[in-house]
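Enquirer: Just the structure for this:
(chains A and B)
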Amino acid sequence: MSTNKFLHVVVGLLLYLPHAQAQTTDGGDFMRNIGSIYVVVGVILITLIGMFLLLIRLGNRLTKLENHLKNKNNVR
Amino acid sequence: MTWWKYLCIALLLYATIAGLLIPLKPGIQTASPAAGVAGGEVVMQITGYNTFFKKGESSLTAWLKLDSTRIITAKEVKAIDDRHMQARFELPAETSILRPGGARLTLITSDAESGVGLLPEALFVSADTTQTASHAATWIAPPSNALLFKKDLTFPYRNILYETIRNTYFHVPLWFAMMVLFGFSVVSSIRYLSGLNKQERYETLRNHDLKASAYSEIGLSFGFLGLFTGMLWANYTWGTPWTGDIKLNMTAVLLAIYLAYFVLRMAFYDRESAARLSAVYNIFAFASIIPLLFIIPRMAASLHPGNGGNPAIGGEDLDNTMRLVFYPSVVGFILLGVWLSDIWFRIKRLQAELEEEV
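Expert: Numbers count the residues shown, from 1 in each chain, chains lettered A, B, ... in the order given. Have a look, this model is predicted:
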């Protein structure tokens, strides 16, 4: 649980690192404001990575349950 | 965690990042005025997208193209800033080559910093016989190597689509994954039926049946996701979420067929009869994919890419730069579908085992 939160914080911080880009960033020019798209990418990445972590946890819980059931049956 | 799950995560993260961050090629957003008269003059105000007109002002040129052998070069061009420019054209007085009523000319801009921009049918030229030509401009043949293409990693710019071209990396792979998952489902159904024949153990048969159901469920979910993403995309590019054309209707029919598969499964008290009948139905449902999604739509014209006789993937709907992100995304979504189906199947199996314990 705590590793989960830590990873989320790290990913969140990494997203604000400056990136070198070929295009200039015009402050007032909404169309080519690269900063905004980085925020979008960050949001989507957090969602995706969060869902992957959930899937992994789900898989692990299932394995535990399956093993528990198998052991119960083998003991009998 | 198996290797392919790591691969799935890597591919989908790559597809998201590259799909969203690689910029579009420069293009022309708008150009006005939209109409001119043969023999007259027109000063076009041009707005670009991802362009660097001011930076590339020294090599900036603009043309209006009638067809592959006839163009006119702008008499003067001026870059107002990186995204706005102005071009003055003198339209030739020859009206004989214009189609009766007039012709639509394509606007092309080129400079060393932005590359080449194109706006189809930017200017409508009509033949006005009342005007006498104030200049002696004529159509010329396009000079070779005049277009300064830039070689970098960018996605194609298409008017109307603009940034939504990136949806290709998510909308299309959902459908690919759906078809692969339906394929796995029908394989499980066939194994179930052949296992019945060979009188395999109860657990093996039950697992085949549960797998068929799990793959179908996740496949159907991906299908609905593809449908909803497509409807959202269509709403802002075609003007309506459902155009009623044949490909969309046949896709909806296919999803209804697979929904009926689940209705069929639920209709029986006896799990074995449910499994048997739904396995047979699954085979027919899968067989219907080919005519519904591939044969009938290609016989009719449609706004949706890939129809009217042209295949979408090998044809003009994908660029080589797009393929770099598209194919990994397809594989990533297929792996994601298999991962989800695996989890779904394990949950169903656990449920079945717990029920049988009682």
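Enquirer: Mind checking the pLDDT average for the one helix or strand residue B:218 maps to?
Expert: Using DSSP states H and E, residue B:218 sits within helix B:202-237. Across helix B:202-237, the average pLDDT comes to 94.
Enquirer: other SSEs contacting the helix or strand just after it?
Expert: Downstream of helix B:202-237, the first helix or strand assigned by DSSP H and E is helix B:246-266. With contacts defined as 3 or more Cβ pairs under 8 Å, 6 or more residues apart in numbering or on different chains; DSSP states H and E, helix B:246-266 has these neighbours: helix B:202-237, helix B:271-287. (Glycine included, C-beta is placed from N, CA and C.)
Enquirer: How about the longest one, which residues are buried there?
Expert: Okay, so that is helix B:202-237. B:205-223, B:225-227, B:229-230, B:233-234, B:237 (16 or more other Cβ atoms under 10 Å in any protein chain shown).
Enquirer: which helices and strands does that helix pack with?
Expert: helix B:168-198, helix B:246-266, helix B:271-287, helix B:320-357.
Enquirer: and among those, the most buried is which?
Expert: helix B:168-198 (a mean of 20; mean count of other Cβ atoms under 10 Å in any protein chain shown).
Enquirer: Quickly check: it near chain A or not.
Expert: No: under the criterion of Cβ under 8 Å from any Cβ of the partner chain, helix B:168-198 makes no contact with chain A; the nearest approach is 10.3 Å.
Enquirer: same for that helix, what does it pack against?
Expert: helix B:3-21, helix B:202-237, helix B:271-287, helix B:320-357.
Enquirer: Mind doing that once more with 10 Å?
Expert: Contact partners of helix B:168-198 among helices and strands, from 3 or more Cβ pairs under 10 Å, 6 or more residues apart in numbering or on different chains; DSSP states H and E: helix B:3-21, helix B:202-237, helix B:246-266, helix B:271-287, helix B:289, helix B:320-357.
Enquirer: now the shortest one, how far from the chain's geometric center?
Expert: Right, helix B:289. Relative to its chain's centre, helix B:289 lies at 20 Å (Cα atoms, centre = their mean, to the nearest Å).
Enquirer: And for the second one?
Expert: Helix B:202-237 sits 20 Å away from the centroid of its parent chain (Cα atoms, centre = their mean).
Enquirer: and the angle for it with helix B:271-287?
Expert: 40 degrees (axes from the mean of the first three to the mean of the last three Cα atoms, to 10 degrees).
Enquirer: try the longest one
Expert: An angle of 170 degrees separates the directions of helix B:320-357 and helix B:271-287 when computed by the same axes, to 10 degrees.
Enquirer: and helix B:320-357, what does it pack onto?
Expert: For helix B:320-357, the packing partners by 3+ Cβ pairs under 10 Å, 6+ apart come out as helix A:34-75, helix B:3-21, helix B:168-198, helix B:202-237.
Enquirer: where in chain B is pLDDT low?
Expert: Filtered on pLDDT under 70, chain B yields the residue ranges B:95, B:97, B:129-134, B:307-316, B:358.
Enquirer: Ranking helices and strands of chain A by mean pLDDT, which lands last?
Expert: For chain A, using mean pLDDT, DSSP states H and E, the weakest element among its helices and strands is helix A:2-14, scoring a mean of 56.
Enquirer: Compile the helices and strands packed on helix B:320-357 into TSV and extend it with columns for distance to residue B:327.
Expert: As requested, these are arranged in TSV below (distance: least, Cβ to Cβ, whole Å):
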stretch	distance to residue B:327
helix A:34-75	19
helix B:3-21	9
helix B:168-198	9
helix B:202-237	17
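Enquirer: Quick one: closest of these to residue B:302.
Expert: With Cβ to Cβ, the closest approach to residue B:302 among the helices and strands packed on helix B:320-357 belongs to helix B:202-237: 11.6 Å.
Enquirer: which residues of chain A score low on pLDDT?
Expert: A:1-36, A:76.
Enquirer: try it again with 80
Expert: For chain A, applying pLDDT under 80 flags the ranges A:1-36, A:39, A:75-76.
Enquirer: For residue 49, grab the count of nearby residues.
Expert: Picked chain A for this. Using other Cβ atoms under 10 Å in any protein chain shown, residue A:49 has 16 other residues around it.
Enquirer: I was after chain B.
Expert: Residue B:49 has 21 neighbouring residues, counting by other Cβ under 10 Å.
Enquirer: do residue B:13 as well
Expert: 16.
Enquirer: got the buried residues for the helix or strand residue B:88 falls within?
Expert: Element membership of residue B:88 [criterion: DSSP H and E] is strand B:84-90. Buried residues in strand B:84-90, counted by 16+ other Cβ under 10 Å: B:85-87, B:89-90.
Enquirer: Show me what that strand pairs with in its sheet, parallel or antiparallel.
Expert: strand B:41-49 (antiparallel), strand B:76-81 (antiparallel) (DSSP bridges).
Enquirer: chain center to that strand, what's the gap?
Expert: 33 Å.
Enquirer: For the next helix-or-strand element following that strand, enumerate the helices and strands it packs against.
Expert: The first helix or strand that comes after strand B:84-90 along the chain, using DSSP H and E, is strand B:103-111. Secondary-structure packing of strand B:103-111 (3+ Cβ pairs under 10 Å, 6+ apart): strand B:27-32, strand B:41-49, strand B:61-67, strand B:70-73, strand B:76-81, strand B:84-90, strand B:115-126.
Enquirer: now the angle from strand B:103-111 to strand B:115-126?
Expert: 160 degrees.
Enquirer: could you dump strand B:103-111 to PDB, C-alpha only?
Expert: Extracted in PDB, the C-alpha atoms of strand B:103-111 (Å, rounded to 0.1, in the frame of the first residue of the first chain):
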ATOM      1  CA  ALA B 103     -12.400  25.600 -60.600                       C
ATOM      2  CA  ARG B 104     -11.200  25.000 -57.000                       C
ATOM      3  CA  LEU B 105      -7.500  25.600 -56.500                       C
ATOM      4  CA  THR B 106      -5.400  24.000 -53.900                       C
ATOM      5  CA  LEU B 107      -3.200  26.200 -51.800                       C
ATOM      6  CA  ILE B 108       0.400  25.100 -51.100                       C
ATOM      7  CA  THR B 109       2.900  26.800 -48.900                       C
ATOM      8  CA  SER B 110       6.500  25.900 -48.400                       C
ATOM      9  CA  ASP B 111       9.400  27.100 -46.300                       C
END
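Enquirer: Work out the sheet partners of it and label each with its direction, please.
Expert: strand B:61-67 (antiparallel), strand B:115-126 (antiparallel).
Enquirer: Quick one: residues contacting the closest residue to residue B:208 other than its chain neighbours.
Expert: Spatially, and ignoring its direct neighbours in sequence, residue B:208 is nearest to residue B:192 (3.8 Å; Cβ to Cβ, 6 or more residues apart in numbering or on different chains). Neighbouring residues of residue B:192 by Cβ atoms under 10 Å, 6 or more residues apart in numbering or on different chains: B:200, B:204-212, B:275-276, B:278-280, B:282.
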